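1. fold the following and give me the result.
(one chain, ligands or ions: 2)
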Amino acid sequence: MPAEAWLWLGMLAAELWFGLCCVAQSVRWYPVRRGAFSDRLAAREIEMERLFATEKFGGRALYRLHAATVLAGICLVLYYRATHVPEAGSGAGRAAWLGMLAAELWFGFYWVITQSVRWCPIRRRTFKDRLAARYGERLPCVDIFVCTADPQSEPPSLVMATVLSLMAYNYPPEKLNVYLSDDGGSILTFYALWETSAFAKHWLPFCRRYNIEPRSPAAYFAESDKPCDPSSLKEWSFVKGLYEEMTERIDSAVQSANVPGEIRVKHKGFSEWSTVITSKDHQPIVQVLIDGKDRDAVDNEGNVLPTLVYMAREKRPQYHHNFKAGAMNSLVQSLVFISPLPLNILNQYIIRVSSVISNSPIILNVDCDMYSNNSDAIRDALCFFLDEEMGHKTAFVQYPQNYNNMTKNNIYGNSFNVLNEVELSGIDSAGGPLYIGTGCFHRREVLCGRRFTNDYKEDWDRGIKGKTELPIYQTEEKAKSLTTCTYEHNTQWGNEIGVKYDCPVEDVITGLTIHCRGWKSVYNNPPRAAFIGVAPTTLAQTILQHKRWSEGNFSIFLSKFCPFIFGKGNISLQHQMAYSIYGLWAPNSLPTLYYVIIPSLGFLKGTPLFPEIMSPWIMPYIYVTIVKNAYSAYEALLCGETLRGWWNGQRMWMIRRITSYLYGIIDTVRNMLGMSKMGFVVSPKVSDEDESKRYEQEIMEFGTSSPEYVIIATIALLNLVCLVGGLCQILTSGWNMPLNGFFLQVILCGLLVIINIPIYEAMFLRKDRGRIQFSVTLASIGFVMLALSVPLF
Ligand SMILES: O=c1ccn([C@@H]2O[C@H](COP(=O)(O)OP(=O)(O)O[C@H]3O[C@H](CO)[C@@H](O)[C@H](O)[C@H]3O)[C@@H](O)[C@H]2O)c(=O)[nH]1
Ligand SMILES: [Mn+2]
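-> Ligands and ions are numbered 1, 2, ... in the order given. This next block holds a predicted model:
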């Protein structure tokens, strides 16, 4: 054998050995895995004592690997964009290219921000049996706040179903206090609550005896079957009859906008309306309909009833009422508390309605449509507050918003499945979920501005011994004096104390300040939904709601409360990023608008804006697009969406960005310039019959001629014209014009046309009342012609 051959064989042996050494790599996996495992073991040991457990989502390593490849793809795309800018002098093509660069930079940046909530999502599980074993019925008092604002868009019968479900919690009734804040100041709502206080005497024992779920009578009778056993059937029918009669009486009072005189004499509270008052101009009203301390206030089995209070804070046209935040603050209270606040606040005895009546250490707040669907939700929440290890750090426990009026394929993308299942769980591991306004249990002290300190001890007996012995009439008078328009003047309410004012998402900004004061929050998403509400059922309502949200979150981002500035040093970077996902909703509108207009126009006018089909640079574009969308579809399916639902979600993704978020930006800027004032348009919880029918059939609802429909129709039409026009040019030029350079533009434009099919139907095919109005179509045709005639390229 020649020497070379020996050398060669030697090399082979050496390389084999080195290759074998790769096996040693496996060792490097071990410590990681073992670490995680022993972690879990430790966790499990501690769990034996803990009131709740925390579990990590599986498959994170795979997720992170995938995210790393997408990030690499994004970098390649940006590199290509930045290095292939058309030469100066190539006119508008260069400008369009730079615009694409800016848009892609934004999308890339925003994608990175959204990774913060996908990095390490966690799930919580509570152990109510341990809570019971440790505390029995020695549990803290709970104040429950329900906010309603308008008997027309929020029908009192719906609100009452919510109130009843909350009164019927599986919790000692003497420790429950339910407050209804009525910003409508309406006798109709008061009347409905008075009826409810009587019906509760039948409803609560019924719930307890049969241990039923859900405890909203409306939901229960709608979804439960008749019991078979004759004696329970008798009772079931009796209670159902009572409930239906009550609802009928309430609805007919609302319809005639009047409470009959013979009823008005039955409770002293009606006399508050003996003079004509309006929702914007009236005296403070506080009426205790059920006084839990009263020994005669019992249900028809002799059990104590929860306290039930009606409150309408004073409203005068010359005073700003601060919407829901104002209502919440009137309800909240605080005793003098020790915290690093200016002296003038310290010295104030700040006491508000719920404090003179109940003063519980825990406050649950819900929107008027969010009924309790799980009668154990309070005990669940207490597992977090009373946990020995984490409890003292927990400021609030947030439940997700679920809705009972979702259609199968989520036509307006309102089901928030991915937000509830993934995003909020992800934020939970970063420091805690946002406060989202409803379905949230707060520590009263925290709402009142207390900072986190390690040595703080909650007085869980507060409210039990604290109930005043004042006669109820005096308590009411005292409470009234705390809900006047001028009460908050020269105090820190709405600023350092209570829910924050001057922000359309008062909840998010309040939660952010709480986190920045050192507190954590917990997200609890039990298998049986704790709260269920009503989602918008028309496109207009959806757009309006998202306008309020995107505007609110963006104005936080631009204010001194910007998570990256205000949160710096107070909350983790991951938490700051998570808050920014929502803070930066609104600015997404501009790059999205750019992306749905310019490439399509470029295709029509022969300006290529993407790499050619044969260029290797096309790969990162294709990779990022396919993988990102495939993952988002997979995530949606995993969260219980249908594939079609995901597709509809993508359409709404686009529509929200080109309408709500655009308006959100415009209004935020106008607000900052002092050109407009913040508003809070209440989302209607009812829709007319014709509309609801179309909603159930998942047909998009237009109907009116609002400007946002013009934007939607214009974009849809523009893409159709560009696609047809561009393809015609290619055909007529006998394929001489290279399709090569336009491959991605054709795909993008084509996808936009496919996703907009329901818009074309609404413009040209449908005949129903919900179609796009002719004036809107006409305006959009005008705008398309304008866009085509402008010599952009
Ligand atoms: O001046 C007002 C306006 C509203 N509300 C109540 O606030 C709640 C929420 O209003 P809604 O119109 O249903 O708004 P949504 O867009 O559904 O609300 C979401 O977003 C709001 C912030 O924008 C949060 O406050 C809510 O909790 C959250 O569910 C309802 O119970 C209203 O009755 C008032 O009490 N006073
Ligand atoms: Mn709502």
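2. which other helices and strands does the strand or helix carrying residue 288 contact?
-> Assigning secondary structure by DSSP states H and E places residue 288 in strand 285-290. Strand 285-290 is packed against helix 187-210, strand 307-312, helix 472-481, with contacts defined by 3 or more C-beta pairs under 8 Å, 6 or more residues apart in numbering; DSSP states H and E. All C-beta atoms are positioned from the backbone trio N, CA, C, and that covers glycine.
3. mind putting these into a markdown table with mean pLDDT?
-> As requested, the helices and strands packed on strand 285-290 are exported to a markdown table (pLDDT from 0 to 100):
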| stretch | mean pLDDT |
| --- | --- |
| helix 187-210 | 97 |
| strand 307-312 | 96 |
| helix 472-481 | 87 |
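4. just put these in a markdown table and tack on mean neighbour count and distance to ligand 1.
-> Shown next, in a markdown table, are the helices and strands packed on strand 285-290 (neighbours: other C-beta atoms under 10 Å; distance: least, C-beta to the nearest ligand atom, whole Å):
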| stretch | mean neighbour count | distance to ligand 1 |
| --- | --- | --- |
| helix 187-210 | 22 | 10 |
| strand 307-312 | 27 | 10 |
| helix 472-481 | 17 | 18 |
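5. rebuild those as TSV, extending it with distance to residue 81.
-> TSV is the format used below for the helices and strands packed on strand 285-290 (distance: least, C-beta to C-beta, whole Å):
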stretch	distance to residue 81
helix 187-210	57
strand 307-312	58
helix 472-481	62
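6. out of the ones you listed, which comes closest to residue 767?
-> Each of the helices and strands packed on strand 285-290 has some distance to residue 767 by C-beta to C-beta; the shortest is helix 187-210, at 37.7 Å.
7. which residues touch residue 581?
-> Residues near residue 581 by C-beta atoms under 8 Å, 6 or more residues apart in numbering: 113, 114, 116, 117, 423.
8. now render those as CSV, adding distance to residue 714, secondary structure and pLDDT.
-> CSV is the format used below for the contacts of residue 581 (distance: C-beta to C-beta, whole Å; DSSP: H, G, I helix; E, B strand; the rest coil; pLDDT from 0 to 100):
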residue, distance to residue 714, secondary structure, pLDDT
113, 29, helix, 97
114, 28, helix, 97
116, 35, helix, 96
117, 33, helix, 96
423, 31, helix, 96
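9. and the buried ones among those, selectable in ChimeraX?
-> To isolate in ChimeraX the members of the contacts of residue 581 that are buried, counting by 16 or more other C-beta atoms under 10 Å, one can use:
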select :113,116,117,423
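10. in the contacts of residue 581, find the pair that's most separated.
-> So, these by C-beta to C-beta: farthest apart are 113 and 423, at 11.7 Å.
11. the strands in the chain, which residues?
-> Using DSSP state E, the strands of the chain run over residues 52-56, 122-126, 142-148, 176-182, 285-290, 307-312, 362-367, 371-372, 394-398, 402-403, 440-443, 520-523, 531-533.
12. tell me the most buried of these?
-> When these are scored by mean count of other C-beta atoms under 10 Å, the highest mean neighbour count falls to strand 371-372 (a mean of 30).
13. could you give the separation of it from the chain centroid?
-> Distance, stretch centre to chain centre, for strand 371-372: 16 Å (C-alpha atoms, centre = their mean, to the nearest Å).
14. tell me the mean pLDDT for that strand?
-> The pLDDT scores in strand 371-372 average 98.
15. tilt between the strand holding residue 288 and strand 176-182?
-> Strand 285-290 and strand 176-182 are oriented at 150 degrees to each other (axes from the mean of the first three to the mean of the last three C-alpha atoms, to 10 degrees).
16. ok, so of the contacts of residue 581, who is nearest ligand 2?
-> Nearest to ligand 2 out of the contacts of residue 581 is residue 423 (C-beta to the ion; 18.9 Å).
17. isn't that closest one up against residue 117?
-> Yes - the criterion here is C-beta atoms under 8 Å, and residue 423 meets it with residue 117 at 4.6 Å.
18. between those two, which contacts overlap?
-> What both residue 423 and residue 117 touch, as defined by C-beta under 8 Å, 6+ apart, is the set 578, 581.
19. now for the residue in the stretch 101-250 of the chain positioned nearest to ligand 2: which residues touch it?
-> Sorted by distance to ligand 2 under C-beta to the ion, the residues of the stretch 101-250 of the chain start with residue 154, at 8.7 Å. For residue 154, the contact set (C-beta under 8 Å, 6+ apart) comprises 148, 368, 369, 682, 684, 685.
20. returning to what we had before: neighbouring strands - and their directions - for the strand holding residue 288?
-> Paired neighbours of strand 285-290 in the sheet (DSSP bridges): strand 307-312 (antiparallel).
21. give the burial count for whichever residue of the stretch 351-500 of the chain sits closest to ligand 1, as a bare number.
-> With C-beta to the nearest ligand atom, the shortest gap between the stretch 351-500 of the chain and ligand 1 falls at residue 437, namely 2.2 Å. Neighbour count for residue 437, taken as other C-beta atoms under 10 Å: 23.
22. that one contacts residue 366, correct?
-> No - applying C-beta under 8 Å as the test, residue 437 and residue 366 come out as separate, 9.1 Å apart.
23. spell out which parts of the stretch 301-450 of the chain neighbour ligand 1.
-> 323, 324, 327, 367, 368, 437, 438 (C-beta under 6 Å from any ligand atom).
24. who wins for most neighbours among those residues?
-> Neighbour count (other C-beta under 10 Å) singles out residue 368 as the most crowded of those, with 28 neighbours.
25. my guess is that one meets residue 146, correct?
-> Yes - with contacts counted by C-beta under 8 Å, residue 368 reaches residue 146, the gap being 5.5 Å.
26. overlap of the contact sets of the two?
-> 159, 162.
27. can you redo the contacts of residue 581 as a markdown table with distance to residue 723?
-> Shown next, in a markdown table, are the contacts of residue 581 (distance: C-beta to C-beta, whole Å):
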| residue | distance to residue 723 |
| --- | --- |
| 113 | 32 |
| 114 | 30 |
| 116 | 37 |
| 117 | 35 |
| 423 | 34 |
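28. and for residue 495, the neighbour number?
-> Using other C-beta under 10 Å, residue 495 has 14 neighbouring residues.
29. whoops, I mixed them up, residue 580
-> By other C-beta under 10 Å, neighbour count at residue 580 equals 21.
30. please name the residues that touch it.
-> Residue 580 neighbours (C-beta under 8 Å, 6+ apart): 113, 557, 563, 564.
31. before we move on, back to that, I'd like the helices and strands packed on strand 285-290 as JSON lines, with distance to ligand 2 appended.
-> Converted to JSON lines, the helices and strands packed on strand 285-290 look like this (distance: least, C-beta to the ion, whole Å):
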{"stretch": "helix 187-210", "distance to ligand 2": "17"}
{"stretch": "strand 307-312", "distance to ligand 2": "20"}
{"stretch": "helix 472-481", "distance to ligand 2": "27"}
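32. shouldn't residue 286 be in contact with residue 484?
-> No - contact criterion C-beta under 8 Å: residue 286 and residue 484 do not qualify, at 11.1 Å.
33. where does pLDDT dip in the stretch 451-600 of the chain?
-> Within the stretch 451-600 of the chain, the set of residues satisfying pLDDT under 70 comprises 465-469.
34. spell out which residues of it are next to ligand 1.
-> 504, 505, 507, 545, 548, 549, 552.
35. right, and the last one touches residue 500 too?
-> Meaning residue 552. No - assessed by C-beta under 8 Å, residue 552 is found out of contact with residue 500, at 10.9 Å.
36. and the closest residue to residue 746 other than its chain neighbours, how far from ligand 2?
-> Leaving aside its sequence neighbours, residue 746 sits nearest to residue 603 (C-beta to C-beta, 6 or more residues apart in numbering; 6.4 Å). Going from residue 603 to ligand 2 by C-beta to the ion, to the nearest Å gives 41 Å.
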